[in-house]
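Peer 1: From the sequence below, what's the structure:
(chains A and B)
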Amino acid sequence: MITSSAPPADEHDHLRRKFLVETYRMMLLIRYFEEQVRSLSQGGLVPGLVHLCAGQEATNAGTCMHLRKDDYIASHHRGHGHCLAKGARPHLLMAEILGRQTGYCGGRSGSMHIFDRENGNLGTNGIVGGGIPLAAGAALSAKARGTEQIAVAYFGDGALNQGLVPECMNMAAIWSLPVVFVCENNGFGEFTATEDVTAGQSLLSRGQVYDIPSVEVDGMDVLAVSAAFVEARDRARRGGGPSFLLCNTYRFGGHHAGDRQDYKSEEDARLWRDRDPIPKLAMHLKAAEIASPAVLQDIEASVEEEIQAAVQFAKASPAPESLDLRVQLHG
Amino acid sequence: MAETSISTYRSAIIDALAEEMRNDAGVFLMGEDIGKAGGVFKQTEGLFIEFGAERVIDTPISEPGAFGMAVGAAMTGMRPVFEVMFGDFMTLIMDQLVNQAAKVAYMSNGQFTVPLVVRTTMGTGSSLGPQHSQSLYAWACHVPGLKVAVPSTPADAKGLYKSAIRDANPVLIFEDRMLYGLKGPVAVGETSLVPLGQAVVARGGRDLTVVAVGRMVQHALKAAERLSEDGIEIEVVDPRTLLPLDVETIACSVRRTNRALVVDGGAQQYGAGAEIAQSINEAAFDWLDAPVMRLCAENIPVPISRTLEPLVQPDESRIVAKVKELLVGHRWPDREDDSP
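Peer 2: Okay, the predicted model is just below:
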């Protein structure tokens, strides 16, 4: 039904097309960002381990980009993509990953603990499943304050076997909280295949037992992820309670940047790489005449430039000083 | 002079929660059985009726998830007071407490704070057995980013709760169940606030300082009366908060009395007693006439037996005996008597 307040059909279509191009740009930005982090890590510039999300851009962008700036997310250790898609500035993120004073957390927290208050990011998290209750709690808070904000809890399949998943799903369901549980199922919990450590016929049943609307999604297809997520988001926003999205995806790299991945099947890896979500979206944009090859090339060039600038900024930024050691121990 | 009335320790806490909930719409309570049931120790009685199910939230028995949700709510504009029914069950929330709540302000470089209070119960005397009776506050004291309070009187319970709820940081408050019925004067409104990190001299004396924690303060005050009959005047200092610890007030007392005994209801090894004792050594060594001594709980699971349980924590008689032993000083002979 068309009402007088809705945009005309052609304008709506224009906005949708524009959003798809932005989505492409974001996925490419995440991919280039991760490639640079890998390179910097190999060059010894990144303190500690980094867990890259290359391959999972469709679940990052296909969810976060549909949120308001003041909506909340709580991410996990493979969370750079969530941060960027939620609005983080690449140069501040890169500086944090390099442990520099200019980074989001003053260089003290690094890749696994990135907080971005301005964009409602309650942190990537070094504890598997650790962010799930933070998002559910933010949803509780939003409901209590009556702000119509929603929250998204990101976790991997490894976290599905953490007790926090059923605990928080149960509470979100009984209290009808505006939270979306997004499982990025990349087939591995650290170095161990999901099927070796997970019982039950269906991962989707983890949400279904609480009567939470649960959908399995092709996590390599950003259009599919977007459609499922928008439905879950709207349900949460209008007071319809939680949803569970099981997004099947793949991490192109290992558990961390230096992982040799000798536990992976080469055949599987190749099949998943053939389903890379970025060229897939590019093909759609061209086929549907949403963006020409020239436009896509321009996007690639500008993203490349933006990431290079972020790397330069981070490298040129100072390390924190000893005076910073105890600052903000208490809030 | 501030207006006061006589209240129990239990009612003083309920009053603190109610006043802060009326003051600030962001304050809410979460915990098991705290709502409709009014708390297993009636420690939230009446609050559900006044504030309703959305501000006095009965959680499922899911401590890690529910506590983590309180942390998320605290990060996003609310001020939760989360109840862990028994201090022993702190073990269930450790990840969310240690790795999330306590570290968020530091990790986010101050972008987020966690204004959250954990209330929990502890102590012997209820015959609740090994999984419900430990006094584990020393564990919490080892976690950077937390604050820890152990109130010993109704007035302090009220005042510390009000301060804790207003604090920007996670604060843990340990309530000794045997204190719930203790009566004392309690101030009203803003005059009842007790700042975190400020010790108090609960009784003045010249001969020896007893620094006592939580319910041990009540035992020490009774011991002081008995000792006074023998002409021994001990000073009793109550730290009230263990983190931050007010070393200066404690050290000032020891500089006057020259001897110190620390009475701690928690375990001796690596405990709060050890921290306080060594703080005295560092701040008042030149004034000491004898080594600082400790009287602490046995480091064992608390047995349920009515004959064994009372032996676990220090009591009035043992404090009296220890003080007399210290003042006689026969265990610390003068240096000239030490020659072979």
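
Peer 1: in the stretch 201-331 of chain A, what residue is nearest chain B?
Peer 2: A:Gly331 (2.9 Å; CB to the nearest CB). Using the backbone N, CA and C atoms, a C-beta is placed for each residue, glycine as well.

Peer 1: what kind of secondary structure is that residue in?
Peer 2: What DSSP: H, G, I helix; E, B strand; the rest coil gives for A:Gly331 is coil.

Peer 1: Find the residue closest to the residue in the stretch 151-300 of chain A that chain B sits nearest to in space, skipping its chain neighbours.
Peer 2: Nearest residue of the stretch 151-300 of chain A to chain B, counting by CB to the nearest CB: A:Glu167, 2.9 Å away. Excluding the flanking residues, the one nearest A:Glu167 by CB to CB, 6 or more residues apart in numbering or on different chains is B:Gly65, at 2.9 Å.

Peer 1: For that neighbour, list the residues it contacts.
Peer 2: A:Ile132, A:Pro133, A:Ala136, A:Gly163, A:Leu164, A:Glu167, A:Cys168, A:Asn170, A:Met171 (CB atoms under 8 Å, 6 or more residues apart in numbering or on different chains).

Peer 1: and A:Asn186, what does it touch?
Peer 2: A:Asn186 sits next to A:Gly55, A:Gln56, A:Gly156, A:Asp157, A:Thr249, A:Tyr250, A:Arg251 when contact means CB under 8 Å, 6+ apart.

Peer 1: Between all of the residues you listed, which two are separated the most?
Peer 2: A:Gly55 and A:Asp157 (14.1 Å; CB to CB).

Peer 1: and those two? which has more neighbours close in?
Peer 2: Between A:Gly55 and A:Asp157, counted using other CB atoms under 10 Å in any protein chain shown, A:Gly55 has the larger neighbour count: 25 against 22.

Peer 1: Where does the prediction get shaky in chain A?
Peer 2: Counting by pLDDT under 70, chain A has low-confidence residues at A:1-8.

Peer 1: quick one, what contacts the most centrally placed residue in chain B?
Peer 2: Nearest to the geometric centre of chain B sits B:Val150, at 1.1 Å (CA atoms, centre = their mean). Residues in contact with B:Val150, defined by CB under 8 Å, 6+ apart, are B:Tyr137, B:Ile173, B:Phe174, B:Asp176, B:Val213, B:Gly214, B:Pro239, B:Arg240, B:Thr241, B:Leu242.

Peer 1: Quick check: phi and psi at it.
Peer 2: Main-chain dihedrals, B:Val150, degrees, to the nearest 10: phi -140, psi 80.

Peer 1: closest point of the stretch 201-340 of chain B to chain A, which residue?
Peer 2: Residue nearest to chain A within the stretch 201-340 of chain B: B:Pro244 (9.3 Å; CB to the nearest CB).

Peer 1: what's the neighbour count on the nearest residue in space to that residue that is not next to it in sequence?
Peer 2: Once flanking residues are discounted, B:Pro244 sits nearest to B:Gly197: 4.0 Å by CB to CB, 6+ apart. Residues contacting B:Gly197 under the criterion other CB under 10 Å number 15.

Peer 1: Mind telling me what element B:Gly197 is part of?
Peer 2: Assigned by DSSP states H and E, B:Gly197 falls within no helix or strand.

Peer 1: taking the contacts of B:Val150 one by one, which sit in strands?
Peer 2: With strands taken from DSSP state E, the overlap with these comprises B:Ile173, B:Phe174, B:Asp176, B:Thr241, B:Leu242.

Peer 1: show me what contacts residue 39?
Peer 2: Assuming you mean chain A. For A:Ser39, no contacting residues are found, by CB under 8 Å, 6+ apart.

Peer 1: wait, chain B
Peer 2: B:Gly39 makes contact with B:Gly31, B:Asp33, B:Glu45, B:Glu83, according to CB under 8 Å, 6+ apart.

Peer 1: now those residues in TSV, with distance to A:Arg17, pLDDT and neighbour count?
Peer 2: Listed next are the contacts of B:Gly39 as TSV, based on distance: CB to CB, whole Å; pLDDT from 0 to 100; neighbours: other CB atoms under 10 Å in any protein chain shown:
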residue	distance to A:Arg17	pLDDT	neighbour count
B:Gly31	51	98	27
B:Asp33	55	97	17
B:Glu45	61	97	15
B:Glu83	52	98	27
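
Peer 1: ok, so of those, who is nearest A:Glu22?
Peer 2: Using CB to CB, these come closest to A:Glu22 at B:Gly31, 44.4 Å.

Peer 1: re earlier: tell me which two of the ones in strands among the contacts of B:Val150 sit farthest apart.
Peer 2: Between any two of these, the greatest separation by CB to CB is 15.1 Å, found for B:Asp176 and B:Thr241.

Peer 1: Return the distance of stretch A:303-318 from the chain's centre.
Peer 2: Distance of stretch A:303-318 from its chain centroid, counting by CA atoms, centre = their mean, to the nearest Å, is 21 Å.

Peer 1: ah, wrong one, I meant stretch A:125-134
Peer 2: Put simply, stretch A:125-134 sits 14 Å off its chain's centre (CA atoms, centre = their mean).

Peer 1: Run through who's touching that stretch.
Peer 2: Applying CB under 8 Å, 6+ apart, the contact partners of stretch A:125-134 are A:74-77, A:79, A:112-113, A:122-124, A:153-156, A:158-159, A:162, A:164-165, A:167-168, A:181, A:189, B:64-69, B:71-72, B:75, B:95-96, B:99-100.
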